[in-house]
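> can't give you the sequence, but here's the structure:
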């Protein structure tokens, strides 16, 4: 509080507060305050115009730039790892998995489960928010894809441990004695003798005497057996693993049951004319990963009767 001044009043013969002094003091105080505020504003404007900042602010800005640079470097390293992972995924789909008859892993599966934009809302409002959000999103994507690729390699490892069994599982012998049958209809487009139209023949027809043995062409498990009077008639499907299956249709008899394990050369049925058929024959298909392929590529017509008899069992 400003100190009050007193003056002697001659009329009242007493001391009184000097009102003029109080007003003057207040005016001086106001002037000083206004001047101080003006000086502060002028200092602030000059600092802004000349881009003067405090040492602490400069230190924080430099540290911020350093961190942003480190994040950019991290983004570059992430890009390198993304390229490595893309190469692994490509080889996995085009080399490793097809070798063992395994289906490709689509991109939709490899990228599934990634978090949405809301996951990165924590970076909103920060300096370099786009950079931070982008790097965090790429790290999450890299983690997810690496996890899927790891699971795929685990699966490939299981199949590779059975690679020694692959040779005995892939269909590789005639399903019937080649000396007792002849191929009457090859694989591919043909004129259907009953439907009288051009259709795609997804196997080969081997015509011969009814009742002769039909053999499994590779090790596997009987996936299904069906007995009907139309279409394929009496039919057996064997799953050989590694992506391979075989179908034996128009059988006279079925000698196996669903789920039964068979060995190459096991007798599974007899040649017949069941279903939509014009005479005794075996319709034989080879499927790889669900797609029919030409069975002729798996048949060796030059095998001798003695060699063939060693490969089959008539039990």
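Happy to help now that I have it. Just so we're clear, the structure is a prediction, and the values are computed from it rather than from any experiment.
> And stretch 202-216, what's buried?
Buried residues in stretch 202-216, counted by 16 or more other C-beta atoms under 10 Å: 202-208, 212-216. Placement of C-beta: from N, CA and C, glycine included.
> Can you list the helices and strands that the lengthiest strand in the chain packs against?
With secondary structure taken from DSSP state E, the chain has its longest strand at strand 244-254. If you count contacts as 3 or more C-beta pairs under 8 Å, 6 or more residues apart in numbering; DSSP states H and E, strand 244-254 packs onto strand 220-226, strand 234-241, strand 267-271, strand 281-288.
> Helix or strand next in line after the helix or strand residue 70 falls within, which one?
Secondary-structure element containing residue 70, defined by DSSP states H and E: helix 55-91. On the C-terminal side of helix 55-91, the closest following helix or strand by DSSP H and E is helix 97-99.
> Rounded mean pLDDT for the helix or strand following that next one, please.
Downstream of helix 97-99, the first helix or strand assigned by DSSP H and E is helix 107-110. When pLDDT is averaged over helix 107-110, the result is 83.
> Could you break this structure into its assigned domains?
Partitioning the chain according to automatic domain parsing yields domains covering residues 6-49, 55-161, 168-311.
> Tell me which of the ones you listed sits most buried.
Using mean count of other C-beta atoms under 10 Å, the stretch among the domains of the chain with the largest mean neighbour count is domain 168-311, at a mean of 17.
> Can you report phi and psi for residue 111?
Main-chain torsions, residue 111, degrees, to the nearest 10: phi -100, psi 0.
> ok, now which ones touch it?
Under the criterion of C-beta atoms under 8 Å, 6 or more residues apart in numbering, the contact partners of residue 111 comprise 141, 144-145.
> With residue 255 instead?
So, once contact is read as C-beta under 8 Å, 6+ apart, residue 255 ends up touching 267-270.
> What's the separation between it and residue 216?
10 Å (C-beta to C-beta, to the nearest Å).
> what's the answer for residue 206, then?
Residue 206 is 15 Å from residue 216, where distance means C-beta to C-beta.
> can you map out the helices along the stretch 101-250 of the chain?
In the stretch 101-250 of the chain, helices defined by DSSP state H, counting those that start in this stretch lie at 107-110, 129-160, 163-169, listed in chain order.
> Find me the pLDDT at residue 227, would you?
Residue-level confidence at residue 227 comes out at 91, pLDDT.
> Same check on residue 256?
97.
> Same check on residue 8?
Per-residue pLDDT puts residue 8 at 63.
> In contact with residue 258, which residues?
The contact partners of residue 258, taken as C-beta under 8 Å, 6+ apart, are 222-225.
> Just confirm it is within a strand.
No. If the criterion is DSSP: H, G, I helix; E, B strand; the rest coil, then residue 258 is coil and not within a strand.
> how close does it get to residue 65?
In this structure, residue 258 lies at 70 Å from residue 65, with C-beta to C-beta as the measure.
> pLDDT averaged over stretch 207-219, what's the number?
Model confidence over stretch 207-219, given as mean pLDDT, is 96.
> For the remainder of this discussion, apply numbering that starts at 44.
That works, and once the first residue is 44, the last one we named lands at stretch 250-262.
> what's the span of that stretch from first residue to last?
With C-alpha to C-alpha, to the nearest Å as the measure, stretch 250-262 spans 24 Å from end to end.
> Check stretch 228-244 too.
Between the opening and closing residues of stretch 228-244 we find a distance of 8 Å, counting by C-alpha to C-alpha.
> Which one of the helices and strands packed on strand 287-297 lies nearest to residue 352?
Proximity to residue 352, assessed across those by C-beta to C-beta, is greatest for strand 310-314 (12.5 Å).
> From the buried residues of stretch 245-259, pick the one nearest residue 200.
Among those, residue 259 lies closest to residue 200 (C-beta to C-beta), at 27.8 Å.
> Identify the farthest-apart pair in the contacts of residue 301.
Considering C-beta to C-beta, no two members of the contacts of residue 301 lie farther apart than 266 and 268, which are separated by 8.7 Å.
> can you list residues touching both of those two?
280, 301.
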